[in-house]
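Student: Turn this into a model:
(chains A and B)
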Amino acid sequence: MSDPSGAAVASESSESEQGGAEAGSAARKKADESNADEANADESNANDGVATGQVSETTVEGNETPGEGGDSTATASTDAPTDRERRREVATDRWLGIAGAALALVGLGVLVRQSSLLLAGAVGVGYAVYARAGDAPTPTLSVTRSVSDEAPAPGDEVRVTVRAVNVGETALPDLRLSDGVPPGLAVVDGPARVATALRPGTAVTFEYTVRAARGDHEWEPLTAITRDAAGARERSTALDAPTSIACTPELTAGGDLPLRGLTTVNHGRVPTDVGGAGVEFHATREYRRGDPLKRIDWNRRARTGELSTVELREERAATVVLLVDARESAYVAADPDAETAVEASVAAAGQAFSALLDGGDRVGIAALSPLDCWLPPGSGTVHAARGRETLATDPALAPTPSDGRFYRSLWLRRFRRRLPVDAQVLFFTPLVDDTAATLARRIDAHGHLVTVLSPDPTTTETAGQRLTTFERRQRLRSLRSAGIRAVEWGDDSFPVAVAAATRRWSR
Amino acid sequence: MSGAIGDGDAAGSEHAGDGRTEAKTDDADGATGARAHDDDAVAEFHETDARPPTVAVVVSLAAAGVAATAGLVASPTGGALLGVAALGFLGGSLRSSTRALTWGAAVGVVGLALAGYRGAPAEALLVAAVGLVVAWDVADHGVGLGEQVGRGARVRRNVAVHAGASLLVGALAAGLVYGVSLAVGGGQPVAALALLLAGGIALISALR
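Tutor: Here you go, the predicted model:
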C-alpha cells in the first residue's frame, strides 16, 4: 500500500476489471479481486454517504489515492477547482550546458573518427531536446483541508489532513505541495509537504500534526510547485483553501495576588490604611456620637472609664489593569522549543484576571505592543468572557510578534489617557530591555502603583547569556529600590512564585 | 580531477551553509538561545532536514554504478572517471550541493570522451552515457526536492516518475541513434555525423 507504483498498478487493474462501475475507494481496492457480491456490497456502502468515503480515505496512512472510479462520492463534493493565484514561472536552468557537452562529444568523435562517441553525443542531444520540449503545467487542483479539532485546548495535537485532486485536463508529472501552516503553530509530526505526480482525476492525501497554541490561527494558501517532466521549467501557484482553528484557553484562578494600596471607594478585599469597618485592627480613637456599639473598646471602658472606638482596616476593591509586554523584544524563550515570555505572561495574566475578578476587583487588560489592545476595567461574567477572549485571541497578544514599530511615548500617552485615575497596574514583562523598566517607573511615577511580574527567560550557559541574566537582575534590583514591587518566576509556577514573594512584602 | 571535486564540494558546502546548516547546529548556537523567537523554533522544525530524499540518492547511485560498470567494460580509465563522477554525485547529494553535482557530471563527460577516444564499443558507451545523465538528473532532482519539501516528506512516486521519464528519454534516444548507426552499416562516421548533427540541431530549433 505504501509503494506508490504498486498502488498505481492496483488502480489500473481496478479500472479494467470494474469498467464503469463506481465503487470502492482506496481502502476498498482489495475487494476488487473478490466476487461480485462483495463489490455490490461496497457499492451500497459507497451510496450510504460521503462521510464514509472520506473517513476511510483519511484513515489510510500515506497513500496516493488512485482511481477515478474510486472517488466518485468524494470528488462529487470537491469537484470545483480551488481558487488559485499564479505566482511565478521560472526556468530552473538545470539542463544548462547539456547541448554544449553533447556537441563537444560529437565534435571529438569527428576529430578522432570514433562513431561511438558520436552516438553518445547524439544521446546528449536527445536530452537537450527533452529539456526544451515541456512547459510547467498550471495545476488545476481541488484542495480540501480538514482538521481533527477546530477548537482545541492549548497543547492539544491537531491532525491536519490535506487532500488535493487533480481536476484539470493535464497530467502533473512533478507536483510539490507545501501547506501554509499558520506561523503560530508548530508542526510536531510529519512535514506539511509532499511531492508526487498526478494524472488527471487522481488525488494525493497527506497528513501532519500541529500542536495547538493559544490564539486564532488561519491557514495560509497552499503552495503548489509544478515542473515539467524534465524539470526545466518551474511554476509556483498559491491555492486558497481557508481553514482556521481557534484555541481559547480556560482561565483558572491562580493564587491570591496581593495588590497595592490604591483602591476605589467600593467595598472589596484589599486592606487599606483607611480606618472604618473591617476585620483587621487599625487604630483606636476617641468615641464619637453615633459609633456602632460593637466597635466600642469595652475593655478600655472597664479599665479607665473612657469610651473609645476601635478602627478597623477598611477593605476596598481595586481597579487593576493587567499590562502585558508583547513587543517584539519580549518574544524570548530560554531555548528555541520553550514557550516564549509572552506566552508565560499571558498565562499568568489569565490567572491573575480570574483571581482578581473573583475577589471583586475591577480588572482591565492592555498590551505593550505596536497594535492596540485595551479592555477597560470591569467586572461581571460578561467581562470575564471578554477578558478570556482578549487574552486568547487578541492580535496584539498573538503567539508570534506583530509587525510594526513600537513608539514608546505615543503608547504611554494613550495608555495614561485611558487608565482610570485609581487604577493600579500589574505589568507582565520579561524585562529584557530597559524600555520595560523605564515604562514601569514612569507609570508608577504617575501615581498608578505598579507591580512588575516577570517571567524569567534567561539561561546561563554562555558568557553572553550570563551577561543578559545579570542585566535583567540589575533592572529588577533598580526597580525594587525605586519602590516598585517585583516578582519573577522561572521554572516554578506563577502562583508559587507569588506566594513566596508575598511573604516578604509589607503592606 | 579529484581536487576539482573537492574544491567544488567546499564551495558547495559554503553555498549550502546559508540556510540549512543553521538548523543542524541549533544547540551549538548559544548566543541566540536566550532570545530565540517562537517562529524561529517553528521554522527550525520545518527545515530540520533539507537533505535530498534517500530514494533519490539511491536511484542516482544505482544509475551512476551502471554507468561506471559500462565504462569499465569499455575502458578502465574512462570507467574510473565515471566512478569518480558517481562519488561526486554522492557527495553532492549528501551536501545538497548542485555545484558538486555539476562537477561530477563534467568529470563523467570527460570519462565518456576518454572511453570513446580509446575506442570503446558503441553499446557500452551508450549505456554509460544514459546512466550518467540519469544519475545526474535524479541527484539534482533530489537536491531540489530536499530544498522544497525536505527529506521527511513522501516523494517516492515523484522520484519514480522523474527517473522513469529520464530513463525513457535516454533509452529512446540511444535506441534511435543505435538503430540509425546499424542501418547505416557503420564505418561512415562523417555521413552519420552530418545526419545526426543536422537532425539534432533542426529538432532543437524547431522545438524552441
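Student: pLDDT below threshold where in the chain?
Tutor: Assuming you mean chain A. A:1-79, A:253-256, A:265, A:506-507 (pLDDT under 70).
Student: my bad, the chain I had in mind was chain B
Tutor: In chain B (pLDDT under 70), the answer is B:1-48, B:184-197, B:200, B:204, B:207-208.
Student: leaving aside the residues next to it on the chain, what's closest to the one residue in it that gets nearest to chain A?
Tutor: As assessed by CB to the nearest CB, chain A sits closest to B:A173 within chain B, at 2.7 Å. Quick note: C-beta positions are derived from backbone N, CA and C, even for glycine. Spatial nearest neighbour of B:A173, excluding adjacent residues (CB to CB, 6 or more residues apart in numbering or on different chains): A:G126 at 2.7 Å.
Student: A helix includes the one you found, no?
Tutor: Yes: A:G126: assigned to a helix according to DSSP: H, G, I helix; E, B strand; the rest coil.
Student: That one against B:G175, yeah?
Tutor: No: if you go by CB atoms under 8 Å, A:G126 and B:G175 don't touch, sitting 10.0 Å apart.
Student: So which of those two has more stuff around it?
Tutor: A:G126 (26 against 14; other CB atoms under 10 Å in any protein chain shown).
Student: Please give me every residue in contact with the more buried one.
Tutor: Residues in contact with A:G126, defined by CB atoms under 8 Å, 6 or more residues apart in numbering or on different chains, are B:169-170, B:172-174, B:176-177, B:200.
Student: Buried only: go through those residues for me.
Tutor: Among the contacts of A:G126, those scoring as buried are B:169-170, B:173-174, B:176-177, B:200 (criterion: 16 or more other CB atoms under 10 Å in any protein chain shown).
Student: Which residues are in contact with the residue of chain B closest to chain A?
Tutor: With CB under 8 Å, 6+ apart, B:A173 has these contacts: A:122-123, A:125-127, B:130.
Student: Can you find the residue of the stretch 401-507 of chain A that comes nearest to chain B?
Tutor: For the stretch 401-507 of chain A, CB to the nearest CB, closest residue to chain B: A:T462, 4.0 Å.
Student: Just give me the neighbour total for that residue.
Tutor: Neighbour tally, A:T462, other CB under 10 Å: 14.
Student: What separation do you get for it and B:A105?
Tutor: The gap separating A:T462 from B:A105 is 43 Å, by CB to CB, to the nearest Å.
Student: from memory B:A171 sits against B:V130, does it?
Tutor: Yes: under the criterion of CB under 8 Å, B:A171 makes contact with B:V130 at 6.7 Å.
Student: which of these two has more neighbours?
Tutor: Using other CB under 10 Å as the criterion, B:A171 and B:V130 rank with B:V130 on top: 28 against 16.
Student: Look up the closest residue to the more buried one, ignoring the ones flanking it.
Tutor: In this structure, B:V130 finds its nearest non-sequential neighbour in B:G170, 3.6 Å apart by CB to CB, 6+ apart.
Student: so when I look at the one you found, I'm seeing a helix, right?
Tutor: Yes: assigned with three-state DSSP, B:G170 falls within a helix.
Student: Could you list which residues are in contact with it?
Tutor: A:123, A:126-127, B:129-130, B:133-134.
Student: between these, which has the most around it?
Tutor: Those, ranked by neighbours (other CB under 10 Å): first place B:A129, 34 neighbours.
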